[in-house]
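Trainee: Pasted the sequence and its predicted model underneath.
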Amino acid sequence: MARVTIDDCTDKIESRFDLVLFSAHRARQLLEGITLSHDASIEDRSEKKTVHALREISQVQVTPQELLDSLTKKLQSERIHESEHVAAQKFNIPNQDNDNQTTEKQNNKNQNEQQSEQHFVNFTDETLDEPEEA
């Protein structure tokens with residue numbers, strides 16, 4: 001398999017900045033298992049995801065418009081989630097995810113405290129039972 005060069009990709013995406021943005025986004029998609037390419041012939045398990053993303057771009061298996069739409073959608077959904085979180089904090093609206101995490105952390109803390117107390121009790125019982133040597 002021939003090496004992928006930046007020149008191969010800049011023929012398809014003129015701006016190097018856009019190329020970096022799109023190829024990084026595509027590599028993350030590949031890590032998550034999202035397949036957009038219509039031809040799986042370039043699939044190579046030993047190939048790094050960034051190289052795979054650049055190869056897809058150079059062979060026009062994924063178009064710049066598809067990558068732009070996908071990246072835009074991802075960023076918008078992150079922004080909406082972030083806005084909901086900020087609004088929930090501002091108006092003291094309980095967040096179900098946070099409540100579950102807080103409850104779980106509190107349970108773990110209580111369990112650790114109980115184990116520590118039990119260990120301390122066992123330790124003091126053992127030291128009190130030992131006869132003193134004079």
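Mentor: That came through, no problem.
Trainee: what about the helices in the protein?
Mentor: For the chain, the helices defined by DSSP state H cover 6-10, 16-32, 49-58, 64-90, 96-129.
Trainee: Can you list the helices and strands that the third one packs against?
Mentor: When contacts are defined as 3 or more C-beta pairs under 8 Å, 6 or more residues apart in numbering; DSSP states H and E, helix 49-58 packs onto helix 6-10, helix 16-32. (Each C-beta comes from the backbone N, C-alpha and C, glycine too.)
Trainee: Out of the ones you listed, which gets nearest to residue 65?
Mentor: Minimum separation from residue 65 across the helices and strands packed on helix 49-58 (C-beta to C-beta) falls at helix 16-32, 10.2 Å.
Trainee: Break the protein down into its structural domains.
Mentor: Per the record, the chain has its domains at 1-93, 95-134, by automatic domain parsing.
Trainee: and these, which one is worst for confidence?
Mentor: Here the lowest mean pLDDT among the domains of the chain goes to domain 95-134, at a mean of 61.
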